[in-house]
Each structure stands twice: as C-alpha cells, then as structure tokens.
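Enquirer: no sequence for this one, just the structure:
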Ligand SMILES: Nc1nc2c(ncn2[C@@H]2O[C@H](COP(=O)(O)OP(=O)(O)OP(=O)(O)O)[C@@H](O)[C@H]2O)c(=O)[nH]1
Ligand SMILES: [Zn+2]
C-alpha cells in the first residue's frame with residue numbers, strides 16, 4: 001500500500017498549537033511530531049517526512065522539558081535542530097522508578113485513552129477505575145473497550161456494569177480480531193486523532209493495534225540507526241498509523257503506567273465519595289472510626305456501596321505509596337527493617 005506523507009492536520013496539529021506561535025516563529029521554525037524517543041535520539045515526522053534528530057533541547061531545565069512520544073517540537077529551519085517543545089494539551093507521566101521525584105514522560109498530546117479489558121475473568125471494576133483515574137489525571141477522554149465479546153455468553157452484561165462506574169462513560173464491547181466489529185471505535189481513530197491504550201496482559205492490546213493499523217507505516221518506516229556494534233537496526237515504533245487516519249501510541253512505558261500524584265483524578269472518578277467526605281467532621285477523615293463521618297453514615301444508610309469505598313481506599317493508598325519521595329521511601333524501608341529485626345529477635349528469644 002502506498003500513501004502520501006501526512007500533512008500537519010493529519011499528524012494531529014490543532015489550533016491549540018498554532019496559538020503558541022507568533023509570526024516570527026512561523027518564518028524561522030518548522031513543526032514536527034515526535035514518533036519515537038530512544039537513547040538520546042528522536043524520530044520526528046513533519047510534512048517533509050521522517051527525520052532522526054538529537055533529543056536535547058537548548059533550554060531544557062527539568063524533566064518535563066524533554067520530548068516525549070506525541071510531542072510537537074519546533075525545528076530551526078536552517079539547522080534542522082529541535083529548539084522548542086510546544087505546550088501539551090495532555091500528558092501521561094510517571095515517577096521514574098527508584099529516583100525520588102524525577103518524572104518520566106510517557107506520551108503527550110493524546111486525545112483518547114482506550115481502557116482495554118475483556119469480557120471474561122480479566123474484567124474487574126477496580127482495575128477500570130484505576131485506569132479511569134489515570135485518564136482523568138492525564139487530561140485524556142477515556143473509552144472502555146471490552147474485547148473478546150465474541151467469546152462471552154452475555155457481553156452486554158459486562159458493558160452495562162462498566163457503564164455504571166461513571167455517568168456518560170463510553171463503553172464498547174468488541175471482537176478485536178474483526179475489523180468490522182471495531183467500526184464502533186472509528187470516532188476516535190480518524191485523521192489527526194491520537195489514541196493510547198492501557199490494559200493488563202492478554203486482554204488483546206496487540207490484537208487491537210494490528211486490526212486497527214493501516215499496515216506499513218510511511219511516517220516512521222525507513223528510519224534506521226546504527227547500534228553499538230555498527231549494525232543497522234530499525235527503530236522501534238511507538239506511534240502506529242491507524243487505518244482510519246489517526247495514530248495509536250503503544251510503548252512499554254504506557255503499558256506499565258502506575259498511579260502517582262493522582263489526587264485530582266481520584267477526586268473526579270470517585271466524585272460520589274469526595275462529595276460525601278466534604279461533610280465529614282474532620283478534614284482528614286479516613287472514614288474508619290472517626291466520629292461525624294458522613295461517608296460511613298452513607299454506607300449505613302445504603303447510599304454508598306462499601307465495596308466501592310474499599311476500592312477508593314486501595315487506590316488512594318497506591319497513589320500515596322507511589323507519590324512518596326525517595327527520603328520517605330527510605331524511612332519507611334528502615335522502619336520496616338527494624339520491625340523485621342525485632343520480630344526475628346522475638347522469635348529467637350522464644351526458642352531459646
Ligand atoms: N476471540 C477473540 N480473541 C481475542 C480477542 N482479543 C484478543 N484475542 C486473543 O487473545 C490473545 C491475547 O491477545 P494479545 O493481543 O496478545 O493481548 P495483549 O493485551 O497484547 O497482551 P500483552 O502483549 O501480554 O500485553 C491472542 O491469542 C488474541 O488472538 C477478541 O476480541 N476475540
Ligand atoms: Zn469520613
């Protein structure tokens with residue numbers, strides 16, 4: 001299949017980006033979209049086709065000044081070098097493991113997050129809520145995609161349960177192997193649109209990528225780089241061109257995303273709990289044994305499902321754990337080490 005180079009709009013350019021440029025910028029700079037980031041290099045695509053560039057930008061100060069897959073960067077027209085990253089309308093990021101407060105950028109300027117689960121034992125409301133919090137936190141519209149509908153007796157039941165999580169939540173049950181069955185996803189896969197995907201292992205993410213993909217990629221194909229041994233290796237693709245004209249970002253980092261600093265997302269996805277909590281007597285109420293707890297009162301009166309509160313607690317704990325600083329983590333590790341030692345001592349004491 002041959003296809004012409006995508007133009008700016010097809011690459012996902014929006015008025016949001018034009019509004020960040022002045023006349024002077026337009027005469028000196030060219031925009032390009034980051035298709036892949038790897039070992040200090042970028043693969044970008046602009047209307048002139050794909051290019052391989054160094055990833056360092058002149059004014060980079062902190063972690064968020066580094067280019068991520070999906071970013072729009074402005075290149076100097078003369079030197080061809082990247083000068084500036086345009087503000088992102090959405091961003092998936094995470095704390096880099098073991099580095100305290102350092103942030104790793106996963107994907108930028110994503111319009112829609114496909115939250116993938118399947119119509120079988122993988123289906124789990126707690127997991128869906130976790131992904132909904134991630135979507136909300138990144139500023140991306142979520143769509144729940146339930147695969148393996150063809151293997152389930154009553155796929156509608158799964159879809160109904162998922163829809164119950166949030167008013168207006170978009171849920172589609174599909175057979176990921178069948179292109180016709182994926183037609184319901186086309187509103188989010190059209191020209192210029194960018195999708196990312198989250199879901200546990202085996203739910204059908206790779207199958208979805210394959211079925212939705214346009215085939216051989218003009219925008220990213222043909223970029224080769226030398227590896228350490230001087231061999232040519234084709235750069236791993238992070239953005240897949242979709243048959244509908246849009247883009248799908250699929251990177252290992254995206255697949256491993258965890259909750260961090262997600263307080264705003266939690267408050268939104270669990271708006272029912274947050275609203276109740278405002279009426280608790282104590283601002284830091286843990287809704288356990290505190291007097292004047294409006295959340296527990298709602299449970300006693302049957303207005304809130306205790307299972308939902310338990311899921312909210314678990315996610316809040318995950319967020320707190322992932323958001324703690326390296327110093328806090330070390331302190332917790334030490335306290336835990338001390339406790340183990342004292343238990344071991346205690347056991348030895350009893351044996352002697
Ligand atoms: N019948 C049917 N099989 C499916 C569907 N979606 C996925 N499968 C099958 O399920 C298996 C797992 O699918 P994958 O696409 O590899 O799952 P994944 O989410 O990419 O898994 P990881 O790579 O481990 O993250 C494959 O054998 C697929 O063919 C579906 O909608 N219907
Ligand atoms: Zn309370």
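Expert: Perfect, I can see it now. Nothing here was measured: the structure is a model prediction, and the numbers come from that model. Numbering: from 1, shown residues only. Ligands and ions are numbered 1, 2, ... in the order given.

Enquirer: is any part of the strand or helix carrying residue 196 close to ligand 1?
Expert: Using DSSP states H and E, residue 196 sits within strand 194-198. No. Strand 194-198 is not in contact with ligand 1 by C-beta under 6 Å from any ligand atom; minimum separation 8.6 Å. Just so you know, the C-beta spots here come from the backbone N, C-alpha and C atoms, and that holds for glycine as well.

Enquirer: near ligand 1, which residues of this protein?
Expert: Checking the chain against ligand 1 by C-beta under 6 Å from any ligand atom, the hits are 147-148, 150-151, 175-177, 199, 201-207.

Enquirer: if I look at the closest residue to residue 191 other than its chain neighbours, how far off is ligand 1?
Expert: Of all residues not flanking residue 191 in the chain, residue 245 sits nearest, at 3.4 Å (C-beta to C-beta, 6 or more residues apart in numbering). Distance, residue 245 to ligand 1, using C-beta to the nearest ligand atom, to the nearest Å: 22 Å.

Enquirer: May I have the beta-bridge partners of residue 245?
Expert: residue 190 (DSSP bridges).

Enquirer: For it, which residues are in contact?
Expert: 10, 189, 190, 191, 192, 193 (C-beta atoms under 8 Å, 6 or more residues apart in numbering).

Enquirer: just to revisit the earlier point, residues making contact with the strand holding residue 196?
Expert: With contacts defined as C-beta under 8 Å, 6+ apart, strand 194-198 is touched by 12, 70, 92, 107, 109-116, 131, 134, 140, 188-189, 205, 208-209, 239, 242, 246-250, 254-255, 257.

Enquirer: Now list the buried members of these.
Expert: Among those, those scoring as buried are 12, 70, 92, 107, 109-116, 131, 134, 140, 188-189, 205, 208-209, 239, 242, 246-250, 254, 257 (criterion: 16 or more other C-beta atoms under 10 Å).

Enquirer: Now, those that are in strands?
Expert: 92, 107, 112, 113, 114, 115, 116, 239, 247, 248, 249 (DSSP state E).

Enquirer: Looking at the residue nearest to residue 191 now. What's its pLDDT?
Expert: pLDDT, residue 245: 93.

Enquirer: Out of the residues of the chain next to ligand 1, which end up buried?
Expert: 147, 148, 175, 176, 199, 203, 204, 205, 207.

Enquirer: In helices, which of these fall?
Expert: Mapping these onto helices (DSSP state H) picks out 205, 207.

Enquirer: List just the nearest of the buried ones among the residues of the chain next to ligand 1 to residue 47.
Expert: In terms of C-beta to C-beta, no member of those lies closer to residue 47 than residue 205, at 30.2 Å.

Enquirer: do you know how far that closest one is from residue 136?
Expert: Residue 205 sits 20 Å away from residue 136, taking C-beta to C-beta, to the nearest Å as the criterion.

Enquirer: Do you have the helices of the stretch 1-150 of the chain handy? List them.
Expert: Assigned by DSSP state H, counting those that start in this stretch, the helices in the stretch 1-150 of the chain fall at 15-18, 23-28, 125-138.

Enquirer: got the residues of the chain near ligand 2?
Expert: Residues of the chain lying near ligand 2 by C-beta under 5 Å from the ion: 280, 285, 287, 293, 295.

Enquirer: give me every residue that touches the third one.
Expert: With C-beta under 8 Å, 6+ apart as the criterion, the residues that contact residue 287 are 277, 280, 293, 295, 296, 309, 313.

Enquirer: burial count for the fifth one?
Expert: Yep, that's residue 296 we're talking about. As a burial measure, residue 296 scores 20 neighbours (other C-beta atoms under 10 Å).

Enquirer: what's the pLDDT at it?
Expert: 94.

Enquirer: in the stretch 151-300 of the chain, which spans are helices?
Expert: Applying DSSP H, counting those that start in this stretch to the stretch 151-300 of the chain gives helices spanning 155-163, 205-212, 252-255, 263-269, 271-277, 294-300.

Enquirer: weakest of those by average pLDDT?
Expert: When these are ranked by mean pLDDT, helix 252-255 comes last with a mean of 75.

Enquirer: Show me what that helix is packed against.
Expert: strand 103-108, strand 194-198 (3 or more C-beta pairs under 8 Å, 6 or more residues apart in numbering; DSSP states H and E).

Enquirer: run the last query once more with 10 Å
Expert: Secondary-structure packing of helix 252-255 (3 or more C-beta pairs under 10 Å, 6 or more residues apart in numbering; DSSP states H and E): strand 91-95, strand 103-108, strand 194-198.

Enquirer: what stretches of the stretch 51-200 of the chain score poorly on pLDDT?
Expert: Regions of the stretch 51-200 of the chain meeting the criterion pLDDT under 70 cover residues 96-101.

Enquirer: make it 90
Expert: 54-65, 80, 93-105, 121-122, 124, 126-127, 130, 137, 166-167, 199-200 (pLDDT under 90).

Enquirer: Show me this protein divided up by domain.
Expert: 15-89+96-102, 108-255, 270-332 (automatic domain parsing).

Enquirer: Having no further points to raise, I will conclude here.
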